[in-house]
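1. Pasting a predicted model and its sequence here:
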Amino acid sequence: MTNSLDVCILAAGVGSRMRSNLPKVLQTLAGRPLLAHLLDTVGDLNPAAIHVVIGQGAEEVKAAFSGRADVNWVFQAERLGTGHAMQQVAPHLSGDRTLILLGDAPLIRAETLQMLSEVDADLGVLTVDMPDPFNYGRIVREGEQVVRIVEEKDANESEKQILEINTGVMSAGTRCLKNWLERLDNNNAQQEYLLTDIVEHGNTDNAKVTAVKVSDPIEVTGINTFGQLAALERALQMNKAEELMASGVQVMDPARLDIRGTVTAGQGVKIDVNVVFEGDVTLADNVVIGPNCVITDSTIGDGTVIKANSILEQATVGDHCSVGPFARLRPGANLVSEVAVGNFVEVKKTTMGRGSKASHLTYLGDSIIGEEVNIGAGTITCNYDGVNKFETHIGDRAFIGSNSSLVAPVTIGAGSTVGAGSTISKDVDTDVLAVGRGKQVSVRNWQRPTKKKD
């Protein structure tokens, strides 16, 4: 790897065929903007500088990556072609070699870029064999030398049979590149300054122009329509599913799994259909994920079962727990071990100790719950007074009867029982029964109201 590499990403495309107000490089693939994929990849190359060419929607793009101080944003006021875009970058190039990428081809691998940047040539052109090369620029060779790139409309019948096509990704010696960029003109049907014309200038100068071929078209697939974006999404997701299965994870249907981040999984893991993983997710051994679950930035312990239609976000679930169906674990939920959280239970910023259970229709927020606590259906911790949040503490082996309201701040002592239908607003001692109900009244000879006749 050269120690002085400039990377340039051409990201000024507006995505007109998408008919979207969002700049093309901000469209998402696997839950992240297209440009984010490329910036992460080129970061692995440790380049001297990263230049990103932006145009319409430039401020929106810059705002989306405001944390990337390592990016030099280059503005292309007029979209006059790829060559024109590189002409805007040329004054900023100071490395020995320049790597040129396309912002709408996000899945290129760092290994491929390293190989291209190290090619022994004045100009390296990344290519791929395409089974149906229609509408792509064909690579015309003389031996190892690439002599020109012929566009579909200019190709003769023989050239149209060439399967090797130009991906638009290149690397060049910076001094040569600047010279070739200065010589570009727009004397073509598009009236644009085309970057591919530097191949012709390189040959005129007797420069070595070499093709570097990749084997997997998904690496270099560009995106111009939502249809192409969806197809690339599915191809990427299939690759991710196959990686999981190769590591020993049972994926029930690879076509119905979405990984929008990173999943680290142990042995014996099973994932049912329509599961979405977002951010960083860790699954220990023997975890079972039921259908239709969304799991974001969470850790799930050994032997735990996440049942159908459950949502986990920034949650920690220990070993041998049961969650769901239809459960929601919000940020700060921490189920220690052997905890059962059932249907329509919501847990937020709450720790539940070993063996505790909340099986039905319950909200637990800002709470510390001990071991082997049973929380009945319809229980809520009233943690918010409209301004501030307060904590509820429930001791080991406490029993909270159904339809109880625990008004925080409040502490329920270990071993105590709260009678069903109670509102508890004062601390409860250990090993006692606490009941806080309104007085029941029965009215005899009461007549129900009847509907008046017209």
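-> Thanks, I have it.

2. how's this protein carved up into domains?
-> For the chain, automatic domain parsing gives the domain ranges 5-220, 247-434.

3. hey, least reliable of the ones you listed by pLDDT?
-> Mean pLDDT is lowest for domain 5-220 among these, at a mean of 94.

4. now the domains of the chain as TSV including distance to Lys240 and mean neighbour count?
-> Any C-beta I mention is one placed from the backbone N, CA and C, and that applies to glycine too. Formatted as TSV, these follow (distance: least, C-beta to C-beta, whole Å; neighbours: other C-beta atoms under 10 Å):
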stretch	distance to Lys240	mean neighbour count
domain 5-220	8	18
domain 247-434	4	19
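
5. Of those, which is nearest Ser442?
-> domain 247-434 (16.4 Å; C-beta to C-beta).

6. And that closest one, end to end?
-> 52 Å (C-alpha to C-alpha, to the nearest Å).

7. same thing with stretch 394-404?
-> End-to-end distance of stretch 394-404 (C-alpha to C-alpha): 13 Å.

8. With stretch 178-189 instead?
-> Start-to-end span of stretch 178-189 (C-alpha to C-alpha) is 24 Å.

9. quick check, distance from it to the centre of its chain.
-> Computed by C-alpha atoms, centre = their mean, to the nearest Å, the separation of stretch 178-189 from the middle of its chain amounts to 39 Å.

10. before we move on, what about stretch 214-228?
-> 18 Å.

11. what's near enough to touch Gly413?
-> 395, 398, 427-432 (C-beta atoms under 8 Å, 6 or more residues apart in numbering).

12. Go again with 6 Å.
-> If a contact means C-beta atoms under 6 Å, 6 or more residues apart in numbering, then Gly413 has 395, 428-430 as its contacts.

13. One more: Asp197?
-> Neighbouring residues of Asp197 by C-beta under 6 Å, 6+ apart: Leu184.

14. any idea how far Ile375 is from it?
-> From Asp197 across to Ile375, the span is 71 Å (C-beta to C-beta, to the nearest Å).

15. swap in Val14?
-> According to C-beta to C-beta, Val14 and Ile375 sit 54 Å apart.

16. cool, and Ala85?
-> When Ala85 is compared with Ile375 (using C-beta to C-beta), they lie 61 Å apart.

17. Ala63 now?
-> In this view, Ala63 and Ile375 are 44 Å apart by C-beta to C-beta.

18. what does Glu159 give?
-> 73 Å.

19. what's the answer for Arg448, then?
-> 36 Å.

20. try Ser20
-> Distance, Ser20 to Ile375, using C-beta to C-beta: 47 Å.

21. thought Ala207 was touching Val125?
-> No - judged on C-beta atoms under 6 Å, Ala207 makes no contact with Val125 at a distance of 11.9 Å.

22. which pair in the contacts of Gly413 spans the largest distance?
-> Maximum distance among these (C-beta to C-beta): 9.9 Å, for Gly395 and Asp429.

23. Please name the nearest non-neighbouring residue to Gly57.
-> Nearest residue to Gly57, sequence neighbours excluded (C-beta to C-beta, 6 or more residues apart in numbering): Pro23, at 3.6 Å.

24. In contact with the one you found, which residues?
-> Neighbouring residues of Pro23 by C-beta under 6 Å, 6+ apart: 57, 60-61.

25. Out of these, which comes closest to Leu329?
-> In terms of C-beta to C-beta, no member of these lies closer to Leu329 than Glu60, at 33.3 Å.

26. and the closest one, that's in a helix?
-> Yes - Glu60 forms part of a helix when assessed by DSSP: H, G, I helix; E, B strand; the rest coil.

27. Pull the contacting residues for Val214.
-> Listed by C-beta under 6 Å, 6+ apart, the contact partners of Val214 are 112, 128.

28. can you do 8 Å?
-> 112, 126-128, 167, 220.

29. Check Thr127 too.
-> Here Thr127 is in contact with 139, 164-167, 211-214 (C-beta under 8 Å, 6+ apart).

30. what would those residues look like in TSV with secondary structure and distance to Gly303?
-> Shown next, in TSV, are these (DSSP: H, G, I helix; E, B strand; the rest coil; distance: C-beta to C-beta, whole Å):
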residue	secondary structure	distance to Gly303
Ile139	strand	54
Glu164	strand	51
Ile165	strand	50
Asn166	strand	52
Thr167	strand	46
Ala211	strand	52
Val212	strand	47
Lys213	strand	47
Val214	strand	42
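
31. Let's have the residues you listed in CSV, adding distance to Val74.
-> CSV is the format used below for the contacts of Thr127 (distance: C-beta to C-beta, whole Å):
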residue, distance to Val74
Ile139, 28
Glu164, 31
Ile165, 27
Asn166, 23
Thr167, 22
Ala211, 27
Val212, 25
Lys213, 29
Val214, 27
